[in-house]
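> My questions concern the predicted model and sequence given below.
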Amino acid sequence: MNYEKIEKNILEFLRDYLATSGAKGFVLGLSGGLDSAVVATLCAKIAPTHALLMPTRLSNKANLADALRLAKTLGLNYKIIDISNILESFCATNVLSKQQKLRYGNLCARVRMCLLYDYSSEYALLVVGTSNKSERLLGYGTIFGDMACALNPIGELFKSEIFEFADFLGVDKAIINKAPSADLWENQSDESELGYSYKELDGALDFILKGLGNSRISKGEILSGKIPSAGILEFCKKRMKNNAFKLNTPAVAKVPRD
């Protein structure tokens, strides 16, 4: 990957989109994770960039510290908003309990996006997305939550490429080297939840996207390491099929007119 060329293209994309929109700058959710660190680093090179740090009482405090340090290093306009009370008010309606992890995680993501869009409206900013290609293809994200945005500068980069790109951009090693986590609940891990490492997943996704995922696979090829295992290929194909709706705009019924 020619990351120098990729950076140039992304910066041009950000600059052109901002100019067309008439907005004054960018805003994103800064989690202390890799993806948002890369996006913040890129946006800060183009225009005034704002960051909302939105932890809960269950959030990893080290992630908040990393996000805060990055915001200061990049000179971002940042604000810390603890969303615990919002979440607890919702749970108090007895609609949802913290034990329902998937639903609780989706709520966290949507509350954060609500705050980002409200903030963007107040200051005339564009909400910038931080979902990478691996997450988008696998549907590993919350529709109208972390997958919502006005524009996404890293949506065509696999997670394994984001690690390399972050190193190229000079992102803090503490952020690059930590285990990927959406930090939606205590001790949450992306790779543990998915069941595979991002390196394995990206290899399978790339294999499928090249049109090779449906060809006959021999046991020898799998054992030789030339291609991903049949199990991970099926896992990725199933997730891609089941979550494809997340990448589409909402369907609108066609109405016949005389």
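Yep, that arrived.

> Against G145, how distant is the residue sitting nearest the centre point of the chain?
In the chain, the centroid-proximal residue (Cα atoms, centre = their mean) is S131; its distance is 2.5 Å. Distance of S131 to G145, computed by Cβ to Cβ, to the nearest Å: 10 Å. No exception for glycine: its C-beta is placed from N, CA and C like everyone else's.

> Please apply the same query to N242.
For N242, the distance to G145 equals 17 Å [Cβ to Cβ].

> out of those two, which sits in the busier spot?
Using other Cβ atoms under 10 Å, the more surrounded residue of N242 and G145 is G145, with 19 against 11.

> Give me the secondary structure label for that one.
Secondary structure, DSSP: H, G, I helix; E, B strand; the rest coil: G145 is coil.

> Tell me which residues touch it, please.
Residues in contact with G145, defined by Cβ atoms under 8 Å, 6 or more residues apart in numbering, are N106, C108, A109, R110, R112, M113.

> Quick check: nearest residue in space to it, chain neighbours excluded?
Leaving aside its chain neighbours, G145 sits nearest to A109 (2.9 Å; criterion: Cβ to Cβ, 6 or more residues apart in numbering).

> dump the residue contacts of that neighbour.
Going by Cβ under 8 Å, 6+ apart, A109 touches G141, T142, G145, D146, A182, L184.

> looking at this, it is in a helix?
Yes - applying three-state DSSP, one finds A109 inside a helix.

> Please tell me how far it sits from P250.
18 Å.

> and if you look at V171?
Distance of V171 to P250, given as Cβ to Cβ: 35 Å.

> Have a look at these two and say which one is more surrounded.
More neighbours surround V171 than the other of V171 and P250, with 20 against 7 (other Cβ under 10 Å).

> so that one makes contact with T41?
Yes - using Cβ atoms under 8 Å, V171 is in contact with T41, at 6.1 Å.

> Show me which of the contacts of G145 is closest to D202.
Taking Cβ to Cβ as the measure, D202 sits nearest to A109 out of the contacts of G145, at 22.4 Å.

> where along the stretch 1-150 of the chain do the helices fall?
For the stretch 1-150 of the chain, applying DSSP state H, counting those that start in this stretch gives helices covering 3-21, 34-43, 61-74, 84-91, 101-123, 133-138.

> What's the first helix or strand after the helix or strand of the chain with the lowest mean pLDDT?
Lowest by mean pLDDT, DSSP states H and E among the helices and strands of the chain is helix 219-224, with a mean of 51. Heading C-terminal from helix 219-224, the first helix or strand you meet, by DSSP states H and E, is helix 230-242.

> List the buried residues in that following helix.
Using 16 or more other Cβ atoms under 10 Å as the test for burial, helix 230-242 gives I232, L233, F235, C236, R239, M240.

> show me the contacts for the fourth one.
If you count contacts by Cβ under 8 Å, 6+ apart, C236 has them with L137, L138, L201, A204, L205, I208, G213.

> Pipe these into CSV and attach distance to T56, secondary structure and neighbour count per row.
As requested, those are exported to CSV (distance: Cβ to Cβ, whole Å; DSSP: H, G, I helix; E, B strand; the rest coil; neighbours: other Cβ atoms under 10 Å):
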residue, distance to T56, secondary structure, neighbour count
L137, 28, helix, 22
L138, 24, helix, 22
L201, 27, helix, 27
A204, 32, helix, 25
L205, 30, helix, 26
I208, 35, helix, 17
G213, 38, coil, 19
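
> between the residues you listed, which is nearest A23?
Set against A23, the nearest of the contacts of C236 by Cβ to Cβ is L137 (28.4 Å).

> show me the contacts for the closest one.
By Cβ under 8 Å, 6+ apart, the contact set of L137 is L205, L209, C236, R239, M240.

> Of those residues, which pair is most distant in space?
The most widely separated members of the contacts of L137, counting by Cβ to Cβ, are L209 and R239 (13.5 Å).

> Select from the contacts of A109 the one having the most neighbours.
Ranking those using other Cβ under 10 Å puts D146 first, with 27 neighbours.
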